[in-house]
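Peer 1: next one to model:
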Amino acid sequence: MAKTLLIRGEWSAGSGRSFAVRNPATGESVGEASDAGRDDALSAIHAAHEAFPAWGTLPARDRAAVLLRWNLLLLSRQEDLARTLVLENGKPIKEARTEVAYGAGFVEWSAEEAKRVYGETIPHSIPGKRHFVLKQPVGVTAAISPWNFPLAMVTRKVAPALAAGCTVVLKPAEQTPLTAVRAFELLQEAGAPPGVANLVTSSDPAAIGEALLGDPRVRKITFTGSTEVGKLLMRGSADHVKKLSLELGGCAPFLVFADADLDKAAEGLLWCKFRNAGQTCICANRVYVEEPVYEEFLRRFTERVRTLKVGNGLSEESQIGPLIDAAALAKTEEHVADAVRRGARVVCGGKRRSEGDLARGSFFEPTVLAGATADMRCMAEETFGPVAPLAPFRTEEEAVRLANDTRFGLAAYFYTRDVSRVVRLMERLEYGIIGANDPSPAVPQAPFGGFKESGLGREGGRYALEEFLEVKHVCLGI
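Peer 2: As a prediction, the model looks like this:
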C-alpha cells in the first residue's frame with residue numbers, strides 16, 4: 001500500500017485509497033500514490049498550524065541550517081531524483097538533471113536569505129514616539145505545484161516559505177507526485193521538525209483545494225498553474241482574505257529583428273521553444289521575425305528543428321520527450337489543425353509520432369509553422385506543446401504592438417544588436433520576465449512572475465521571502 005502522505009512527520013496511506021502514476025512515454029504505471037481526501041488535507045493543516053509557533057520563532061540561522069542540509073541532499077541524490085522525474089513527467093534525462101540542480105538552487109538561496117529578513121526604524125515626527133517595522137511569517141502556507149517541473153516548482157515554493165518561518169502543506173500535481181515524495185523524504189532527513197512540512201498527494205485537486213481555501217488557519221496560498229484555476233483560487237480565498245501568490249499562464253512572444261545574430265537567435269529559439277517539449281510557462285509561443293530576414297531565419301531555424309531527436313526521456317540521446325498525457329497531445333493536434341485551416345504552412349513536423357515504441361506514448365513531432373496569423377489558436381492561446389508558429393513584422397512599433405496584444409504577461413524574448421532598441425523594448429514590453437538576446441532568463445536569485453493575467457507576486461531572489469512575510473508597524477511611546 002502506497003504511503004505518500006506526510007503529516008506531522010509520519011508517512012501514511014490516509015484513507016487507504018491510491019492512484020496510479022503513469023509514464024507518458026509508455027503509458028505504463030511507474031508507481032502508486034496515496035489518494036488523499038478532505039479529511040487528510042485538514043489533518044495536514046492542523047499539523048502545520050500546531051508546528052507554526054515553534055518554527056516561526058526559531059532563529060533564522062537554525063531554519064537556514066535545515067534548508068542547507070536539504071540542498072546538499074538534493075544534489076547528492078540528483079541522479080535518483082532525475083530518474084524519478086523522467087518516469088512520471090517524460091522529459092529528457094539531461095533536462096531532468098538540470099532541473100534538480102535548478103531546484104536545489106532555490107533551496108540554497110532561500111537558506112541564505114532566511115538570515116536577511118530585516119526590519120527598520122522610521123524617523124519619528126512627534127516627540128516621545130519611536131516607530132519600528134517588523135517582518136514576521138504569515139503562517140500556514142498551502143503550496144500547489146504543477147507537473148511540468150515536478151521538483152523545481154516544489155522547492156521554489158516550499159523553500160522560501162520555510163525560510164520565512166512559515167509551515168507548509170504541499171499538494172503536488174496528480175500527474176507527478178512521486179518526485180515531490182522523494183524531495184520531502186530528503187527534507188525530513190535534513191531535519192525538518194514534524195508538522196513543518198506536510199505533503200498531501202491526491203487525484204482530486206478540487207477536494208483538496210476546497211479544504212485549503214475553506215480553512216481559516218491557512219493564511220497563504222502559492223500556486224503555479226493555469227490562469228483559469230488561479231482565478232478560482234482568487235475567488236475562493238476571498239472569504240478569509242488569504243494572501244496569494246499566483247504564477248499563471250503565458251503566451252510568450254519571441255521577436256527577431258533584422259540586425260540580430262540569426263544563428264544565435266535560432267539557437268535561442270530552439271532551446272526556448274522545445275525545452276520540455278514546449279511544456280513550460282515561459283516558452284516562446286509566438287515568433288515574430290522582421291520581414292527582410294524572415295525567410296532566412298525560417299530556413300536556419302527549421303534546419304535545427306529537423307535535427308531534434310524524439311524519444312523516451314530515459315535515453316541520453318533524447319531531446320524531445322512525450323507530452324504529459326492524451327489531453328495535451330489532443331490540444332497540440334488541434335492547434336496545428338486550426339492553423340493549417342486558417343492558412344499556415346507546416347514546414348516540418350505537424351503530427352504525433354506513432355511508429356514503434358513511440359506509439360505507446362504521447363509524442364508529437366517538433367513542428368514549425370510558417371505564415372501564422374493572429375486569428376490562429378496557436379497565436380492566441382498557450383499551446384504547451386512543441387509547436388513554433390512564425391509570422392513576419394515590418395517595424396519595431398508593430399512588433400511591440402503584436403507582442404503586447406494578449407491578456408498574458410509572463411515572459412517575452414527579443415534578439416537585436418541595437419543597444420538603444422534593447423532599452424526601448426525592455427521598458428515597453430508588458431511582461432514580468434524579459435530575455436534580451438537570451439532564451440533562459442530564469443535563475444533562483446532573480447524575481448519570477450508576470451503582468452496582467454499571468455499572475456500575482458514574485459518567486460525567486462529576495463522578493464520570494466517577502467511573499468511569505470507580514471509587515472508590522474510598532475509605535476513606541478517613551
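
Peer 1: in the chain, where's the longest helix?
Peer 2: Of all segments of type helix in the chain, defined using DSSP state H, the longest is helix 93-114.

Peer 1: need the residue closest to the centroid of the protein.
Peer 2: By CA atoms, centre = their mean, the chain has its centre lying nearest to Met153, at 5.1 Å.

Peer 1: so it touches Thr224, yeah?
Peer 2: Yes - the criterion here is CB atoms under 8 Å, and Met153 meets it with Thr224 at 5.3 Å. Bear in mind the C-beta positions are built from the backbone N, C-alpha and C, glycine included.

Peer 1: residues shared between the contacts of those two?
Peer 2: Common neighbours of Met153 and Thr224 are listed as Ser145, Pro146 (criterion: CB atoms under 8 Å, 6 or more residues apart in numbering).

Peer 1: which outside residues touch the helix or strand in which Met426 is found?
Peer 2: Element membership of Met426 [criterion: DSSP states H and E] is helix 419-428. By CB under 8 Å, 6+ apart, the residues outside helix 419-428 that reach it are Leu255, Phe257, Glu396, Val400, Asn404, Phe414, Thr416, Ile434, Ala436, Asn437.

Peer 1: at 7 Å what do you get?
Peer 2: Phe257, Glu396, Val400, Phe414, Thr416, Ile434, Ala436 (CB atoms under 7 Å, 6 or more residues apart in numbering).

Peer 1: could I get these as a markdown table with neighbour count?
Peer 2: Output for the contacts of helix 419-428, formatted as a markdown table (neighbours: other CB atoms under 10 Å):
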| residue | neighbour count |
| --- | --- |
| Phe257 | 21 |
| Glu396 | 18 |
| Val400 | 21 |
| Phe414 | 26 |
| Thr416 | 23 |
| Ile434 | 16 |
| Ala436 | 16 |
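
Peer 1: quick one: which of these is nearest Leu67?
Peer 2: Using CB to CB, Ile434 is the member of these that lies nearest Leu67, at 29.4 Å.

Peer 1: distance from the centroid: which residue in this protein tops it?
Peer 2: Pro127 (49.8 Å).

Peer 1: doesn't that one belong to a helix?
Peer 2: No - Pro127: not assigned to a helix; according to DSSP: H, G, I helix; E, B strand; the rest coil it is coil.

Peer 1: check contacts around His473.
Peer 2: Shown in contact with His473 (CB under 7 Å, 6+ apart): His131, Val133.

Peer 1: and what about it, helix, strand or coil?
Peer 2: Per three-state DSSP, His473 ends up strand.

Peer 1: and the gap between it and Glu120?
Peer 2: 10 Å (CB to CB, to the nearest Å).

Peer 1: need the overlap of contacts for these two.
Peer 2: By CB under 7 Å, 6+ apart, the residues touching both His473 and Glu120 are Val133.

Peer 1: low-confidence ranges in the stretch 1-150 of the chain?
Peer 2: Of all residues in the stretch 1-150 of the chain, none has pLDDT under 70.

Peer 1: the strand or helix carrying Leu186: what's the following helix or strand?
Peer 2: Take DSSP H and E as the rule and Leu186 turns out to sit in helix 177-189. Once the chain leaves helix 177-189, the next helix or strand it forms, by DSSP H and E, is strand 197-199.

Peer 1: please work out the average pLDDT along that following strand.
Peer 2: The pLDDT scores in strand 197-199 average 98.

Peer 1: just checking, what packs against that strand?
Peer 2: strand 5-7, helix 38-57, strand 168-171, helix 177-189 (3 or more CB pairs under 7 Å, 6 or more residues apart in numbering; DSSP states H and E).

Peer 1: out of the contacts of helix 419-428, which are inside strands?
Peer 2: With strands defined by DSSP state E, the entries of the contacts of helix 419-428 inside them are Phe414, Ile434, Ala436.

Peer 1: for Ala326, what are its contacts?
Peer 2: For Ala326, the contacting residues are Ser362, by CB under 7 Å, 6+ apart.

Peer 1: from Glu459, how far off is it?
Peer 2: Distance from Ala326 to Glu459, by CB to CB: 30 Å.

Peer 1: for Asp35, same thing?
Peer 2: 28 Å.

Peer 1: what's the neighbour count on Gly214?
Peer 2: By other CB atoms under 10 Å, 16 other residues sit near Gly214.

Peer 1: sorry, that was for Glu303
Peer 2: Counted by other CB under 10 Å, the residues lying close to Glu303 total 11.

Peer 1: quick one: it is in a helix?
Peer 2: Yes - using three-state DSSP, the assignment for Glu303 is a helix.

Peer 1: quick one: pLDDT of it?
Peer 2: So Glu303 comes in at 98 (pLDDT).

Peer 1: any idea how far apart the tips of stretch 403-415 sit?
Peer 2: 13 Å (CA to CA, to the nearest Å).

Peer 1: what's it in contact with?
Peer 2: Contacting residues not belonging to stretch 403-415 are listed as 249-257, 260, 264-265, 268, 272, 281-282, 284, 288, 425, 429-437, 439, 450-454 [CB under 7 Å, 6+ apart].

Peer 1: can you give me the end-to-end distance of stretch 341-356?
Peer 2: 29 Å.

Peer 1: no wait, stretch 254-272
Peer 2: End-to-end for stretch 254-272, by CA to CA: 9 Å.

Peer 1: centre of the chain versus it, how much separation?
Peer 2: 24 Å (CA atoms, centre = their mean, to the nearest Å).

Peer 1: likewise stretch 444-456?
Peer 2: Averaging C-alpha positions (CA atoms, centre = their mean) puts stretch 444-456 10 Å from its chain's average.

Peer 1: residues making contact with it?
Peer 2: Residues from elsewhere that reach stretch 444-456 (CB under 7 Å, 6+ apart): 105-106, 109, 227, 230, 244-250, 407-410, 430-433, 442, 457-461, 463.

Peer 1: what strand or helix carries the spatially closest residue to Leu170 that is not a sequence neighbour?
Peer 2: The shortest distance from Leu170 to any non-neighbouring residue, by CB to CB, 6 or more residues apart in numbering, is to Ala143 (4.7 Å). Counting by DSSP H and E, the element that carries Ala143 is strand 140-144.
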